[in-house]
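Participant: pasting a predicted model and its sequence here:
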Amino acid sequence: MNIPDIIIAIDGYSSTGKSSFAKVIAKEFSFLYLDSGALYRGVTLFAIENGFISDDNTIDVPELTSAMNGLDLHFGPQGTYIGERCIEKEIRGLAVAGKVSPIATVPQVRAFVDSKLREFGKKKRIVMDGRDIGTTVFPQAELKIFMTADPMVRAQRRAAEMPGASIEDVLKNLEERDYIDSHREVSPLTQAEDAVVLDNSDMTMQDQVEWLKALISERFSINQ
Ligand code: CDP
């Protein structure tokens, strides 16, 4: 199938399988995949390790903002890096998950991540997932998908990726993040008006890919 040169924006609730879906699409269509959540997670790890966020999630915004000037956060061959150090494993744990949504409410953090994301958007043929990609980062994206799934299905999927984490703890974290992400002042998680909803509670990955291909064919008048 000939996929046009477009940006695909995938937003939605925590652990709805956005990044797994985006990675499969990127491979199938030869698009570049960009995980915006990984950058928020990277800033969060940086904030934890440097003492800019306390146990009760109080954030020292002036110190964090000034330190971000020297933060070399980027993608590399094994995922997300700070300088030469691959941080992929650390950013996926519950310690970072428990602090990332408060960190992502800070406008200076959002501006830092947005500027990195928009650099990538100068090219087409990218698929990016997050919370505000279709609404704020790339409102001009040609295709916007809003993903959702049953909370218990989401918690089970995510707990399976986190050895040692209980489903109850994971579910609690998902619900807390969804609440903070949907209620923050700057770029809250909302469905873009022109987004198409994908509820994948009962869908396999193959079902989702077929669904997307049908959508693209219809939208861009392509014969499959
Ligand atoms: O994969 P998962 O659903 O667990 O989340 P993620 O995409 O890794 O994002 C982690 C957190 O970063 C989210 O819960 C949001 O608080 C924040 N985030 C955001 O605010 N805006 C984005 N575009 C992406 C992530």
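Facilitator: Sure, I can see it. Since the structure is predicted, the reported quantities are computational estimates derived from the model, not experimental observations. Numbers count the residues shown, from 1 in each chain.
Participant: the residue positioned nearest the centre of the chain pairs with what?
Facilitator: When the chain is reduced to its mean C-alpha position, the closest residue under C-alpha atoms, centre = their mean turns out to be residue 130, at 3.0 Å. Residue 130 forms beta bridges with residue 11, as assigned by DSSP bridges.
Participant: what about it, distance to residue 220?
Facilitator: According to C-beta to C-beta, to the nearest Å, residue 130 and residue 220 sit 23 Å apart. Every residue, glycine included, has its C-beta placed from N, CA and C.
Participant: after the biggest helix by length in the chain, which helix or strand is next?
Facilitator: What stands out as the longest helix in the chain, according to DSSP state H, is helix 167-183. Next helix or strand after helix 167-183 toward the C-terminus (DSSP states H and E): strand 196-199.
Participant: the next helix-or-strand element following that following strand packs against which elements?
Facilitator: Scanning forward in sequence from strand 196-199 by DSSP H and E, the next helix or strand is helix 205-219. The contact analysis (3 or more C-beta pairs under 8 Å, 6 or more residues apart in numbering; DSSP states H and E) places helix 205-219 against helix 18-29, strand 143-148, strand 196-199.
Participant: where does the chain dip in pLDDT?
Facilitator: Where the chain drops to pLDDT under 70, the residues are 223-224.
Participant: could you redo the last one with a cut-off of 80?
Facilitator: 222-224 (pLDDT under 80).
Participant: can you tell me how far the nearest residue to residue 205 once chain neighbours are set aside is from the ligand?
Facilitator: The spatially closest residue to residue 205, leaving aside those adjacent along the chain, is residue 24, at 5.8 Å (C-beta to C-beta, 6 or more residues apart in numbering). From residue 24 across to the ligand, the span is 15 Å (C-beta to the nearest ligand atom, to the nearest Å).
Participant: tell me if I'm right that residue 24 and residue 207 touch.
Facilitator: No - at 11.6 Å, residue 24 does not count as touching residue 207 under the criterion of C-beta atoms under 8 Å.
Participant: in terms of neighbours, single out the busier of these two.
Facilitator: residue 24 (18 against 11; other C-beta atoms under 10 Å).
Participant: dump the residue contacts of residue 32.
Facilitator: 26, 120, 123, 125, 126, 127 (C-beta atoms under 8 Å, 6 or more residues apart in numbering).
Participant: I'd like those as JSON lines, with secondary structure appended.
Facilitator: As requested, the contacts of residue 32 are exported to JSON lines (DSSP: H, G, I helix; E, B strand; the rest coil):
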{"residue": "26", "secondary structure": "helix"}
{"residue": "120", "secondary structure": "helix"}
{"residue": "123", "secondary structure": "coil"}
{"residue": "125", "secondary structure": "coil"}
{"residue": "126", "secondary structure": "strand"}
{"residue": "127", "secondary structure": "strand"}
